[in-house]
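**Q** just the structure for this:
(chains A, B, C and D)
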Number of protein chains: 2
Amino acid sequence: MKSSQKTITLHDVAKYAGVSYQTVSRVINNHASVAEETRKRVLKSIEVLNYRPNRAARSLVTNRSDTIAIISFGTAFYGPGQMLQNIMQHAKKNGFRVLPSSLRQLSHEDVKAAIDELHELLIDGIIMISPIVTDFVVEIGELTGDIPFIQIDTKPKPGIASVVIDQMHGSKLAAEHLIGLGHRKIAEISGPLNWYDAIMRHQSWMETMKQYRLPCHMSVEGGWSAQSGYEGVQTLLKGGAEFTGLVMANDQMALGAIAALNEAGIRIPEDVSVVGFDDIPESAYFIPALTTVHQDFVALGEQSVEYLVSLIKNPKTPLHQRVLYPELVNRSSTAAAK
Amino acid sequence: MKSSQKTITLHDVAKYAGVSYQTVSRVINNHASVAEETRKRVLKSIEVLNYRPNRAARSLVTNRSDTIAIISFGTAFYGPGQMLQNIMQHAKKNGFRVLPSSLRQLSHEDVKAAIDELHELLIDGIIMISPIVTDFVVEIGELTGDIPFIQIDTKPKPGIASVVIDQMHGSKLAAEHLIGLGHRKIAEISGPLNWYDAIMRHQSWMETMKQYRLPCHMSVEGGWSAQSGYEGVQTLLKGGAEFTGLVMANDQMALGAIAALNEAGIRIPEDVSVVGFDDIPESAYFIPALTTVHQDFVALGEQSVEYLVSLIKNPKTPLHQRVLYPELVNRSSTAAAK
DNA sequence: TGCGCTTACCGAAGCGTTTAGGACGATGAC
DNA sequence: GTCATCGTCCTAAACGCTTCGGTAAGCGCA
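**A** Below is the predicted model of the structure:
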């Protein structure tokens, strides 16, 4: 514990190396026009003095911070949480720091406050994870000003760059999987219907059912948790619903559903086939192993960062939507209808 | 999309309000000696001009950033992930920004690189989540220099401030719960034994078994995942182990274990009682509902931040360890031995 | 030799804040 | 009426870095 070592600056290094402080700056920033020998001498001095550049000073003059911000909501849930993780990882690979700020609620004030703060911090770009439907998405463009900005896990809107996973496609895969197995009576427990993903999956389930001329009235709204899946099944059963296929909005809910069906003496997949969504690592160890829809969050993170970085480096990069597609993972919780 | 609006500074606000820039600074920083009327006028001007202070400039002169860093490892796992989440939340409440940097590996180089970077950023304090046993913990104190620093989820060491959950206590609760139910043949599948938590739980299980004069040779090392729990049980069974109680290192592993036992025709809890660890939200919906050990990650986050903040505000705060205790949650995966 | 070009380096200015260290009136005590 | 005191505000000097313009030296070419 040495105390109050005076911080060493560019000048100290310069003096030690016998050059001007400006030359040291060039070395640090890999500029040309520095003789190889001088460069080495400077690098050596930096090492010896254990010099660390002061980012605040640099930011002050460059107006950049090599940092991208992630404004997120709902990261306690699997999907948004995975997105956050993967974005952080890929941002680092691209040489950017990440500054996450998770919102308590997806309100205009909270978003504005968050973006205001980011302005103060000279953020280079923003990725926003906004899984909940709001009516102020359009204004966000104004709030961010000219900071490059992309949205993920949300409803694509023209004029806003975004990277999304096609939820409708995923949900359709799930429904068609059951239909293909001969099921005709298919129930659904959706996610909370103010979440973009939940709405898309729900709509797609309905459309698919209609497309095959099957009834789509057996639907209950849940809340992403295992508990809500459990209760959702109870609601369906109490309401007298008869079904041999069950589409769940995510894997946790599927777990709860399986527990409830089990308690009611309904066998899976003999009596009812269950499909989940997300493909969490645990789903292969449910009893029975869960058939589910896999979302590639790694690719989502990769694409988001890559796109944002290109937006930062070249502001004229055209705004567009990038769409990824989920896939069905077939396990043991589904079987042919009797 | 307006282009290149010149950034407004303290001076612009001052000019607009008809005061000096220093007065504006005082208003922003809530200093005394500003007449109420002047203060209002300044605030008004700030609003009108949509002024946002430049944090980099402020940091440059104050040498602070109101930011605490979290150096973490293994946040993809439930425990560390929860810690990170809760710390971020509580830091925000305390008026601190959070800058997470997750390490690829818990090596000396990676930690040094991370801390070096934090030095550049004028970080106010560091919380380190280091769940893996390393031999360089001691040096960390040197690396951080005089930046306040606390460790969590690690082996408490004298001279290093830390907040931890007593893993040995938790594991003892699990084992004693089974013993109390009359079980004598108790197996264990531990976490990876280079993780601090795993070691503590494993040791404590052994000690507890010895304390009750029970054999403690039935133990397999796992890897935190459901898969490893599944495989662990298979290993035990193949090895001819006979047990009526099973202590798992976490809930995901317990899920895998249950699946494996199920496949082997072993009933839970009739034939074997299973105890998990963590109390993840889903564990209540396992089949059967899982008896497990609950860790209070909210409290852990709260305590960590509070302690670090006090360390920042008053560097003379004495270094100590804060220990929290887990609790047993009794559900249906355990029953009296036959 | 003189010209212009390149290479390697330097000095100075400025980024937007905070923070001493005063200046200036107004106030109250003597 | 004078002097000290206090509240309010201001000027000036940093903080550590990048970058613009400039200079001296070295080189080839006529």
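
**Q** distance check, residue A:195 against residue A:155.
**A** 11 Å (C-beta to C-beta, to the nearest Å). (Glycine included, C-beta is placed from N, CA and C.)

**Q** neighbour count: those two, which is higher?
**A** residue A:195 (24 against 17; other C-beta atoms under 10 Å in any protein chain shown).

**Q** thinking again about what came up before, common neighbours of residue A:195 and residue A:155, please.
**A** Counting by C-beta atoms under 8 Å, 6 or more residues apart in numbering or on different chains, the residues touching both residue A:195 and residue A:155 are residue A:133.

**Q** next, the buried residues of stretch A:173-192.
**A** Using 16 or more other C-beta atoms under 10 Å in any protein chain shown as the test for burial, stretch A:173-192 gives A:173-175, A:177-179, A:181, A:183, A:185-192.

**Q** actually stretch A:11-30, sorry about that
**A** Those would be A:12, A:13, A:14, A:16, A:17, A:19, A:23, A:24, A:25, A:26, A:27, A:28, for stretch A:11-30 by 16+ other C-beta under 10 Å.

**Q** residues from chain A in reach of DNA strand C?
**A** By C-beta under 7 Å from any atom of the strand, the part of chain A that sits against DNA strand C consists of A:18-23, A:32-35, A:37-38, A:57, A:60-61.

**Q** can you count the residues close to residue A:140?
**A** With neighbours defined by other C-beta under 10 Å, the count for residue A:140 comes to 21.

**Q** please apply the same query to the one 5 residues further on.
**A** By other C-beta under 10 Å, 13 other residues sit near residue A:145.

**Q** and the buried residues of stretch A:173-192, which two are furthest apart?
**A** The two members of the buried residues of stretch A:173-192 with the most space between them (C-beta to C-beta) are A:181 and A:192, at 28.1 Å.

**Q** got a list of contacts for the helix or strand bottoming out on mean pLDDT in chain A?
**A** Sorting the helices and strands of chain A by mean pLDDT, DSSP states H and E puts helix A:137-144 at the bottom, at a mean of 74. In this structure, residues lying in contact with helix A:137-144 by C-beta under 8 Å, 6+ apart are A:108, A:111-112, A:115, A:126, A:128, A:130, A:149, A:151, A:154-155, A:157, A:159-160, B:1.

**Q** name the residues of that helix that are buried.
**A** If you call a residue buried by 16+ other C-beta under 10 Å, then helix A:137-144 has these buried ones: A:137, A:140, A:141, A:143, A:144.

**Q** in a markdown table, list those residues along with distance to residue A:48.
**A** Listed next are these as a markdown table, based on distance: C-beta to C-beta, whole Å:
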| residue | distance to residue A:48 |
| --- | --- |
| A:137 | 53 |
| A:140 | 48 |
| A:141 | 49 |
| A:143 | 46 |
| A:144 | 43 |
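
**Q** closest one to DNA strand D out of the residues you listed, please.
**A** Sorting the buried residues of helix A:137-144 by distance to DNA strand D puts residue A:144 at the head of the list, at 23.1 Å, by C-beta to the nearest atom of the strand.

**Q** residues making contact with stretch A:320-327?
**A** A:156, A:161-167, A:169-170, A:173, A:293-296, A:299-300, A:303, A:307.

**Q** now do the buried residues in it.
**A** Residues of stretch A:320-327 classed as buried: A:322, A:324, A:326 (neighbour count, 16+ other C-beta under 10 Å).

**Q** now, which of these lie within strands?
**A** Secondary structure assignment (DSSP state E) places A:322, A:324 from the buried residues of stretch A:320-327 within strands.

**Q** before we move on, back to that, of the contacts of stretch A:320-327, keep whichever come out buried.
**A** Buried residues within the contacts of stretch A:320-327, defined by neighbour count using 16+ other C-beta under 10 Å: A:156, A:161-167, A:169-170, A:173, A:293-296, A:300, A:303, A:307.

**Q** the residue in the stretch 201-338 of chain A positioned nearest to DNA strand C: which element?
**A** When distances are taken as C-beta to the nearest atom of the strand, the stretch 201-338 of chain A approaches DNA strand C most closely through residue A:315, which lies 19.4 Å from it. Using DSSP states H and E, residue A:315 sits within no helix or strand.

**Q** what about it, neighbour count?
**A** Under the neighbour criterion other C-beta under 10 Å, residue A:315 is assigned a count of 9.

**Q** not counting its neighbours along the chain, what's nearest it?
**A** Distances taken as C-beta to C-beta, 6 or more residues apart in numbering or on different chains put residue A:148 closest to residue A:315, at 6.7 Å, once the chain neighbours are dropped.

**Q** roughly how far does residue A:28 sit from residue B:38?
**A** With the distance defined as C-beta to C-beta, residue A:28 ends up 43 Å from residue B:38.

**Q** again, but for residue A:104
**A** On the measure of C-beta to C-beta, residue A:104 and residue B:38 end up 34 Å apart.

**Q** of those two, who's got more company?
**A** Ranked by neighbour count (other C-beta under 10 Å), residue A:104 and residue B:38 place residue B:38 first, with 16 against 9.

**Q** mind listing what's buried in stretch A:216-236?
**A** Of the residues in stretch A:216-236, A:216, A:218-236 count as buried by neighbour count, 16+ other C-beta under 10 Å.

**Q** residue of the stretch 101-250 of chain A with the smallest distance to DNA strand C?
**A** For the stretch 101-250 of chain A, the nearest residue to DNA strand C under the criterion C-beta to the nearest atom of the strand is residue A:120, separated by 8.1 Å.

**Q** doesn't residue B:52 make contact with that residue?
**A** Yes - at 5.1 Å, residue A:120 and residue B:52 qualify as touching, with contact defined as C-beta atoms under 8 Å.
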